[in-house]
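Undergrad: could you look at this predicted model? Sequence included:
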Amino acid sequence: MYQGFWIGGFGLGESVEERCSLLNAVTDCLPLEKPRIVSRLGLPEEVLEGVASGIDLFDSTYIYQLTMGGFALIFPIDMVEREMQNGVFDSSAGDSAKINLRATTYRKDMSRIVDGCTCFTCQNHTRAYLNHLINVHEMLAQILLEIHNTHHYLRFFRSIREAIKAGEFDIFWKQFVENRRSQIAAAAM
């Protein structure tokens with residue numbers, strides 16, 4: 001039987017700085033050869049903080065909560081699709097982490113949730129169709145949305161593993177966080 005460490009108590013109101021310090025303090029005390037799982041951290045930025053602190057596994061309801069709220073993940077994630085140029089990832093694709101498919105904006109949007117996404121939902125359905133299903137409370141909406149969100153999130157984790165294998169995790173992490181901060185600042189204006 002495998003043994004490891006479950007780390008709980010995060011995501012309950014601590015600041016980002018406090019979380020980083022606490023995660024590092026906890027993981028510094030644990031043996032490297034044992035897996036570490038943390039619960040309640042699910043935002044992409046939180047996952048990257050956790051990986052940087054030495055967390056191996058994440059237990060979160062993030063995807064479920066997004067799906068039930070009618071949100072679809074759209075943030076750019078796939079390191080394989082990006083070109084490294086002078087130590088910086090091209091992060092020009094996408095401008096937000098998620099979209100609310102309940103919004104009337106998507107009523108006539110015949111595009112996929114994410115262009116180039118290979119999930120079943122994106123290959124077979126449009127934003128307009130998902131908007132309709134969500135707004136008429138059809139349970140198929142949550143199924144299709146969860147398929148996309150899970151697929152997108154798993155691609156994010158694959159990209160993290162690729163960055164680690166390539167020895168470029170720190171660059172990937174910093175660029176991802178900087179891109180998200182600039183997107184949030186632009187949206188606030």
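TA: Everything's here; your move. Note that the structure is a prediction, hence the values are computed from the model and not measured. Numbers count the residues shown, from 1 in each chain.

Undergrad: from Glu33, how far off is the residue nearest the centre of the chain?
TA: What sits nearest the mean C-alpha location of the chain, by C-alpha atoms, centre = their mean, is Pro44, with 3.9 Å. Per C-beta to C-beta, to the nearest Å, Pro44 is found 27 Å from Glu33. C-beta here means a position set from N, CA and C on the backbone, and glycine is covered the same way.

Undergrad: picking that back up, could you check how far the residue nearest to the centre of the chain is from Ile143?
TA: Distance, Pro44 to Ile143, by C-beta to C-beta: 23 Å.

Undergrad: with Leu23 instead?
TA: Leu23 sits 34 Å away from Ile143, going by C-beta to C-beta.

Undergrad: between these two, which one's more packed in?
TA: Leu23 (23 against 13; other C-beta atoms under 10 Å).

Undergrad: got a list of what that one touches?
TA: Ile7, Phe10, Val38, Glu49, Gly50, Ser53, Gly54, Ile55 (C-beta atoms under 8 Å, 6 or more residues apart in numbering).

Undergrad: looking at these, which are in strands?
TA: Cross-referencing the contacts of Leu23 against strands under DSSP state E gives Ile7, Val38.

Undergrad: filter the contacts of Leu23 down to the buried ones, ChimeraX style.
TA: The ChimeraX command for the buried members of the contacts of Leu23 (criterion: 16 or more other C-beta atoms under 10 Å) is given here:
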select :7,10,38,49,50,53,55
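
Undergrad: TSV for the contacts of Leu23, including distance to Ala72?
TA: Below are the contacts of Leu23 laid out as TSV (distance: C-beta to C-beta, whole Å):
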residue	distance to Ala72
Ile7	29
Phe10	26
Val38	25
Glu49	23
Gly50	23
Ser53	28
Gly54	31
Ile55	26
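
Undergrad: now the two most distant members of the contacts of Leu23.
TA: Using C-beta to C-beta, these span at most 13.8 Å, a distance reached by Phe10 and Gly54.

Undergrad: quick one: the strands in this structure?
TA: Taking DSSP E, the strands of the chain run over residues 5-7, 36-39, 57-59, 71-73, 84-85, 88-89, 98-100.

Undergrad: least reliable of these going by mean pLDDT?
TA: Between those, the one with the least mean pLDDT is strand 84-85; it has a mean of 34.

Undergrad: and the strands of the chain as CSV, adding distance to Val177?
TA: Listed next are the strands of the chain as CSV, based on distance: least, C-beta to C-beta, whole Å:
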stretch, distance to Val177
strand 5-7, 21
strand 36-39, 18
strand 57-59, 17
strand 71-73, 17
strand 84-85, 17
strand 88-89, 12
strand 98-100, 16
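
Undergrad: so of the ones you listed, which one's packed in deepest?
TA: strand 71-73 (a mean of 23; mean count of other C-beta atoms under 10 Å).
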